[in-house]
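Colleague: based on what follows, work out the 3D shape:
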Amino acid sequence: MNLEKIKSYIQSYKDNFELVNHQELYKWKAVKQFQDHWDIDAENFAEMLALSLRKTFNLLDSGQYFPKRMLQTYAIDNPELIRSYFRELYNEENDINERIETFRSNIKILNQNYDVDNDYQDHRAVVVYLALRYPDRYYFYKQRMFKSFIEKIDYDYKSIAGKIDNIGQYQNLCDIIKYELSQDQPLLRLHNQTLTNDCYIDTDLNILTQDFYLCCSASLARYRNY
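Modeller: Numbers count the residues shown, from 1 in each chain. Coordinates of the predicted model:
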């Protein structure tokens, strides 16, 4: 891993912080929305789930990617079943990989009752559910973002789409990157000045860390086009 490259990317992130943050601030709002409304014991589980996920936007639904839409359909038709799936997913006493794969397997079985081939509950979506519930422990994840970033910083790991091992490797690298970000006081001042009252106060910097990943792995032109 090349720390000099990482520091160079941190400087670029700071230089373009306002441009990037204008498009990405919704993630902090999505976490606050979830934290304010999530209740596993809610009488109307499907209604609570829809309200909790209301501000996730591109995290869960974008282009031809519809995990939120499918999940809400399942919850309307099978509220107690989906409630039980989330209880299991959020049980931090059990292995994270097992929880992710069990959730996905359960959904795939349920999806056989629907006239659609894709349930969209991939690793990206399930890790979003985890990061919304435990934003101090998990980081929003995209395999292509991870793959692009590790290639840019010479990180010794090959990310292959669909591998559950990617999640642990991603989490570990995020912890390393987060430390570097936490040492940059000008960046932290920029970050704190940007947060509004409807944002989650990300004291652990997990959302900021993923935001940095995304900025580094994507072309800045994507933000200038807005």
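Colleague: nearest spatial neighbour of residue 65, chain-adjacent residues omitted?
Modeller: residue 120 (6.3 Å; Cβ to Cβ, 6 or more residues apart in numbering). For glycine as for every other residue, the C-beta is placed from the backbone atoms N, C-alpha and C.
Colleague: now residue 125
Modeller: Nearest residue to residue 125, sequence neighbours excluded (Cβ to Cβ, 6+ apart): residue 67, at 3.7 Å.
Colleague: count the neighbours of that neighbour for me.
Modeller: Each residue near residue 67 was counted by other Cβ atoms under 10 Å, and the total is 24.
Colleague: over to the one 10 residues further on?
Modeller: Look at residue 77: counted by other Cβ under 10 Å, it has 13 neighbours.
Colleague: quick check, pLDDT for it.
Modeller: Predicted confidence (pLDDT) for residue 77: 98.
Colleague: also the one 5 residues further on?
Modeller: The predicted local distance difference test score for residue 82 is 98.
Colleague: start at 17, not 1
Modeller: Understood, numbering begins at 17; the last thing we discussed is residue 98.
Colleague: after the helix or strand it falls within, which helix or strand is next?
Modeller: Secondary structure here is read from DSSP states H and E; on that basis residue 98 sits in helix 95-105. Using DSSP H and E, the helix or strand that follows helix 95-105 towards the C-terminus is helix 112-127.
Colleague: and the residue nearest in space to the middle of the chain, how far is that from residue 143?
Modeller: Computing the C-alpha centroid of the chain and ranking residues by Cα atoms, centre = their mean puts residue 156 first, at 2.0 Å. Separation of residue 156 from residue 143 (Cβ to Cβ, to the nearest Å): 7 Å.
Colleague: next one: residue 116
Modeller: Going from residue 116 to residue 143 by Cβ to Cβ gives 7 Å.
Colleague: what do the two both touch?
Modeller: residue 183 (Cβ atoms under 8 Å, 6 or more residues apart in numbering).
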